[in-house]
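Student: fold the following.
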Amino acid sequence: MIKLNQLQVKNVTEYRTPRGIGFSLTLNHQGEPLIIVENEGRGGSNKYTHVKLTNREFRPILENLEAQAANRGYTTIEPLDHIIAFRVEGQYL
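Tutor: Numbering: from 1, shown residues only. Okay, here's the model as predicted:
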């Protein structure tokens with residue numbers, strides 16, 4: 001099981017949009033890219049894309065990360081999004 005505190009924020013890119021701030025970043029696990037996170041800056045949810053996994057492998061990992069985020073006391077709606085929103089380059093979740 002991958003734990004939130006094992007994921008490091010890397011390759012952060014932010015840009016202005018007419019409705020907010022968009023961004024993309026990579027979540028690395030043990031120094032290797034695992035998940036690409038993107039947000040278009042229009043008020044929607046983050047998009048999570050796996051780097052080397054199949055969809056079948058990735059779905060339970062993402063669900064588990066969401067559950068860990070919710071257990072930390074973050075909102076029950078998109079808790080992983082909330083954790084990522086407050087992290088910067090090099091930080092661990």
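Student: chain neighbours aside, what residue packs nearest to residue 3?
Tutor: What sits nearest to residue 3 in space, not counting adjacent residues and going by Cβ to Cβ, 6 or more residues apart in numbering, is residue 68, at 6.8 Å. C-beta coordinates here come from the backbone N, C-alpha and C atoms, glycine included.
Student: and that neighbour, how far from residue 6?
Tutor: Using Cβ to Cβ, to the nearest Å, residue 68 is found at 10 Å from residue 6.
Student: quick one: what helix or strand has the residue nearest to residue 3 in it?
Tutor: Assigned by DSSP states H and E, residue 68 belongs to helix 55-71.
Student: I'd like the next helix or strand past that helix.
Tutor: Taking DSSP H and E, what comes next after helix 55-71 is helix 79-85.
Student: C-alpha coordinates for that following helix, PDB please?
Tutor: Extracted in PDB, the C-alpha atoms of helix 79-85 (Å, rounded to 0.1, in the frame of the first residue of the first chain):
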ATOM      1  CA  PRO A  79     -10.000  15.200   0.200                       C
ATOM      2  CA  LEU A  80      -6.900  14.400  -1.900                       C
ATOM      3  CA  ASP A  81      -7.500  17.600  -4.000                       C
ATOM      4  CA  HIS A  82      -7.400  19.600  -0.700                       C
ATOM      5  CA  ILE A  83      -4.100  18.200   0.500                       C
ATOM      6  CA  ILE A  84      -2.400  18.800  -2.900                       C
ATOM      7  CA  ALA A  85      -3.700  22.400  -3.000                       C
END
